[in-house]
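J.: Mind looking at a prediction? Sequence and model below.
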Amino acid sequence: MMHFYIMTLFPEMVLNGLHTSIIGRAEEKGYISIEAFNIRDYTLDKHKKVDDYPYGGGAGMLMQAQPVYDCWQTIDAKIKEQRTYDNTKKTRVVYVTPQGEVFHQQKAIELSKEEDLIFLCGHYEGIDERVLEEIVTDYISIGDYVLTGGELPAMVLIDAIARLVPGVLSNHESAQTESHSNGLLEYPQYSRPELWHEKRVPEVLLSGHHANIEKWRAEQSIKRTKERRPDLFEAYEKANK
């Protein structure tokens, strides 16, 4: 089983989003577990305040180090208590931030091999740098744009990672043939009826000739990548020279 722990100011938001569809069913079946921890529960402020003005001035507020650190300590202690492997290994903590490495499928594959992952969701103008230096192992972005908080990016990452955990997808092959699994975009797919809006399913897919179908799919995958993502196609060509 793979365990996901989310440090957030809005636990209901992430849990409501992740406890549905394939990811929700995977948790019910025991392939993964997802827990959210409210950072506000760890503040020492009687008003549950977790932010303050940044030193040096500037717009907005900054999440303070203390509640974030204490929240992480609680999760870290829980992981060590239930861990079935080397307790000296530091659990990876993913901070979702526009300043991080842009997320990609190979990173999802890498992270899916972990038994435990902690996600830190920022808000306001960010988080006190000192606690980031203390606990974060991975800085990851889902794209070159800014959102109001880290919850949506964390949900995106967890969805992409969790579906690679054995058992989560009913058909393991589907994870191997999707876009980005081999550096290319996925080939076009068709279902019934054979004729829809005067558009026919390609004859090769109706032929039953598996070798020809695989050849057609490979050609279409290359063609689609070249048209829609020339950057990926260029990398694919270099890797396959």
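T.: It's in.

J.: how near is the residue sitting furthest away from the middle of the chain to residue 207?
T.: Residue farthest from the centre of the chain, counting by Cα atoms, centre = their mean, is residue 198 at 38.9 Å. In this view, residue 198 and residue 207 are 21 Å apart by Cβ to Cβ, to the nearest Å. For every residue, glycine as well, the C-beta is placed using N, CA and C.

J.: any idea where the helices of the protein begin and end?
T.: Secondary structure of the chain by DSSP state H: the helices cover 11-18, 21-28, 65-82, 105-111, 129-135, 151-162, 172-177, 203-206, 210-228, 230-239.

J.: From what I see, residue 145 and residue 98 are in contact.
T.: Yes - under the criterion of Cβ atoms under 8 Å, residue 145 makes contact with residue 98 at 7.1 Å.

J.: returning to that earlier point: distance of the residue farthest from the centre of the chain relative to residue 189?
T.: Using Cβ to Cβ, we find residue 198 at a distance of 19 Å from residue 189.

J.: same thing with residue 114?
T.: 31 Å.

J.: State the number of residues packed around residue 203.
T.: Burial of residue 203 is recorded as 10 neighbouring residues (other Cβ atoms under 10 Å).

J.: Check residue 39 too.
T.: Neighbourhood size, residue 39 [other Cβ under 10 Å]: 26.

J.: In contact with it, which residues?
T.: 7-9, 50, 63, 67-68, 71 (Cβ atoms under 8 Å, 6 or more residues apart in numbering).

J.: let's see it at 7 Å
T.: The contact partners of residue 39, taken as Cβ atoms under 7 Å, 6 or more residues apart in numbering, are 7-9, 50, 67-68, 71.

J.: would a markdown table of those with distance to residue 221 and neighbour count be doable?
T.: Output for the contacts of residue 39, formatted as a markdown table (distance: Cβ to Cβ, whole Å; neighbours: other Cβ atoms under 10 Å):
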| residue | distance to residue 221 | neighbour count |
| --- | --- | --- |
| 7 | 38 | 26 |
| 8 | 37 | 24 |
| 9 | 41 | 19 |
| 50 | 47 | 24 |
| 67 | 47 | 24 |
| 68 | 43 | 26 |
| 71 | 43 | 25 |
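
J.: isn't residue 229 right up against residue 185?
T.: Yes - Residue 229 is within contact range of residue 185, at 6.1 Å (criterion: Cβ atoms under 7 Å).

J.: If you count surrounding residues, which of the two has more?
T.: Using other Cβ under 10 Å as the criterion, residue 229 and residue 185 rank with residue 185 on top: 22 against 16.
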